[in-house]
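Undergrad: Just to be clear, the model below is a prediction. Sequence and coordinates:
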Amino acid sequence: MDVEQRARELLAAELRGKGRLTLANDVVSGDEDDSAAIRAIIAALTPPEGYVVVPVEMTDEMVKAVYPLHYFTYLGPELRENWRRMLAARPEVNP
């Protein structure tokens, strides 16, 4: 799902929650002129310049990228704990 479709789904979910079902369906289908709202939601979903979205838990692919398997046979829990510490020390994102 691309970011515009995600924005439309989020806006539609809010509208459905308020009982505005027809408007919600129009938002999802693109029939409603909601470009300002969609742009605002996309901006809120998009990380600022220089930032990327990463998973809270390190993936196996990330572990393999850090320590090629032919050098290490055991990667240990400390690598994942260090990842948690790095995320905990991340700066606050200010748009």
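TA: Arrived safely, thanks for sending.
Undergrad: Can you list the low-confidence ranges for the chain?
TA: 1, 68-76, 93-95 (pLDDT under 70).
Undergrad: domain parsing for it?
TA: Residue ranges for each domain of the chain read 3-45, 55-95, as given by automatic domain parsing.
Undergrad: Quick check: which of those domains is buried the most?
TA: Neighbour counts (mean count of other Cβ atoms under 10 Å) averaged over each of those peak at domain 3-45, with a mean of 15. Every C-beta, even on glycine, is put in place using the N, C-alpha and C of the backbone.
Undergrad: following the helix ranked longest in the chain, which helix or strand comes up?
TA: Ranked by residue count under DSSP state H, the longest helix found in the chain is helix 3-17. Counting by DSSP states H and E, the element after helix 3-17 in chain order, helix or strand, is helix 21-29.
Undergrad: packing partners for that next one?
TA: Packing contacts for helix 21-29, counted by 3 or more Cβ pairs under 8 Å, 6 or more residues apart in numbering; DSSP states H and E, involve helix 3-17.
Undergrad: With only the CA atoms kept, save the helix it packs on in CSV.
TA: What follows is helix 3-17, C-alpha atoms only, in CSV (Å, rounded to 0.1, in the frame of the first residue of the first chain):
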residue,chain,number,x,y,z
VAL,A,3,1.5,6.3,1.4
GLU,A,4,-1.5,8.1,-0.4
GLN,A,5,-3.7,5.0,-0.1
ARG,A,6,-2.7,4.6,3.6
ALA,A,7,-3.6,8.2,4.1
ARG,A,8,-7.0,7.6,2.5
GLU,A,9,-7.6,4.6,4.6
LEU,A,10,-6.7,6.4,7.8
LEU,A,11,-9.0,9.3,7.0
ALA,A,12,-11.8,7.0,6.0
ALA,A,13,-11.5,5.1,9.3
GLU,A,14,-11.9,8.3,11.2
LEU,A,15,-14.9,9.3,9.1
ARG,A,16,-16.4,5.8,9.6
GLY,A,17,-15.9,6.2,13.4
